[in-house]
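[1] Test case, fold it:
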Amino acid sequence: MTRPVLSVVIPTRDKAASLRLVLACLARQTGAGPYETVVVDDGCTDGTPRVVADAAGRLPLRTVPGPGAGRAAARNAGARAARGTLLLFLDDDILLPPAALAAHVAEHARPGPACVHGPLRELPGARRLLASADEALDDPYGTAAGGRFGRTVSTALERLVLGMADGGLPPVSPWLTCVGANTSMPYEVWEAAGGYDEGFGTTWGCEDLELGLRLWRSGARMRLAPAAPGIHLTHERADRWEQHTVNLTRFTAKHPIPAVRALPELLGPSGDARRYVTAVRTLDETRQEAVRTLDETQEESDRS
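    I've put the predicted structure just below:
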């Protein structure tokens, strides 16, 4: 059997309605070469098995069981089961246009190991689209992008990533490009980094960005694939930001650098890209001043 160029890894748990549209988008992909879809069933109790079985007739698809230990662990389980030389980590509520997989593959044809992100936009009216899922099934991405269910919007994180890429904002944190909902990397790069940190557990948030920081430190390039934009079917999570704060605290303890310590200014309902950049610079200047003061104190001590 020919080894696929790309494995699309989708962790999922009880989101059959959105997963159905995600898989319909993948069935419309063109120009990517051989690819496979690995759905990680992380303890689904809804209609997910039927959705996957229906889609298996239209695209190369396999299901593997998830460990029930959170998104990081589910993504790692899917990656370990993958046969592709490239991994695309895609969430179960991200709609892609037909050229998206090909765009990811093309970016990896450039020199050097890379982490490649397809820009994301939110669809606040996703609930209404999901209620009309049968109508959207032929072209879910086009339906979502067409405006019938409202405008799509960018988060502060995505505005920062785009701004750093086009020079509109200083590249204070290139590793934030690793937004795991629509991000690809060579299998060997994921493996060498040790994969996602499963210590983040079942609490939501930050496990993708933390991997990005480790990838960037290891020398991986951070790139965007503008031709692989995703639309996130926005959904409510009552304790979303409480969970996020827990994981952000873990992230900061692991990597207490200014660019991580300043993340509360970027991530969250009131996050702002420019405010984050200012906070990173301020924290970095404070750190540098502390180092200078320490060096001067040491020099005076040595002279005496």
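[2] how about stretch 3-16 as CSV, C-alpha atoms only?
    C-alpha atoms of stretch 3-16 as CSV (Å, rounded to 0.1, in the frame of the first residue of the first chain):
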residue,chain,number,x,y,z
ARG,A,3,2.4,5.5,2.1
PRO,A,4,0.3,8.7,2.2
VAL,A,5,2.0,12.0,1.9
LEU,A,6,-0.2,13.4,4.6
SER,A,7,-2.1,12.1,7.6
VAL,A,8,-4.9,14.3,8.9
VAL,A,9,-5.3,13.7,12.7
ILE,A,10,-8.7,14.6,14.1
PRO,A,11,-9.3,14.0,17.8
THR,A,12,-13.0,14.0,18.6
ARG,A,13,-15.4,13.5,21.5
ASP,A,14,-19.2,13.8,21.1
LYS,A,15,-19.3,16.4,18.3
ALA,A,16,-20.8,14.3,15.5
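[3] List the buried residues of it.
    By neighbour count on 16 or more other CB atoms under 10 Å, the buried set for stretch 3-16 is 4-13, 15-16. For every residue, glycine as well, the C-beta is placed using N, CA and C.
[4] now do stretch 217-230
    Applying 16+ other CB under 10 Å to stretch 217-230 flags 220-225, 228-230 as buried.
[5] now swap in stretch 63-79 and tell me
    Quick answer for stretch 63-79 (16+ other CB under 10 Å): 63-64, 66, 69-79.
[6] Quote the end-to-end distance of that stretch.
    Counting by CA to CA, to the nearest Å, you get 12 Å between the two ends of stretch 63-79.
[7] can you give me how far it is from the chain middle?
    15 Å (CA atoms, centre = their mean, to the nearest Å).
[8] how about the nearest residue to residue 43, chain neighbours excluded?
    residue 68 (4.7 Å; CB to CB, 6 or more residues apart in numbering).
[9] ok, the one you found touching residue 45?
    No. Contact criterion CB atoms under 8 Å: residue 68 and residue 45 do not qualify, at 11.6 Å.
[10] what's near enough to touch the closest residue to residue 65 other than its chain neighbours?
    In space, and not counting its chain neighbours, residue 65 is closest to residue 41: 5.9 Å by CB to CB, 6+ apart. Applying CB atoms under 8 Å, 6 or more residues apart in numbering to residue 41 gives the contacts 12-13, 48-49, 52, 63-66.
[11] Residue 91: which of the residues you listed is nearest?
    Checking the contacts of residue 41 against residue 91 with CB to CB, the nearest one is residue 12 at 8.4 Å.
[12] how much space is there between the closest one and residue 95?
    In this view, residue 12 and residue 95 are 14 Å apart by CB to CB, to the nearest Å.
[13] circling back: filter the buried residues of stretch 3-16 down to just the ones in helices.
    Under the assignment DSSP state H, those contribute residue 16 to helices.
[14] Take the buried residues of stretch 3-16 and lay them out in CSV including distance to residue 189 and pLDDT.
    Output for these, formatted as CSV (distance: CB to CB, whole Å; pLDDT from 0 to 100):
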residue, distance to residue 189, pLDDT
4, 17, 95
5, 15, 96
6, 14, 98
7, 13, 98
8, 16, 98
9, 14, 98
10, 19, 98
11, 19, 98
12, 24, 98
13, 26, 96
15, 28, 96
16, 32, 96
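[15] Let me know the secondary structure of residue 88.
    Recorded secondary structure, residue 88: strand (DSSP: H, G, I helix; E, B strand; the rest coil).
[16] That one: neighbouring residues, count only.
    29 (other CB atoms under 10 Å).
[17] what's near enough to touch it?
    6-9, 101, 104, 182-184.
[18] run the last query once more with 10 Å
    6-10, 26, 32, 35, 37-38, 82, 96, 100-101, 104-105, 116, 118, 182-185, 225, 228 (CB atoms under 10 Å, 6 or more residues apart in numbering).
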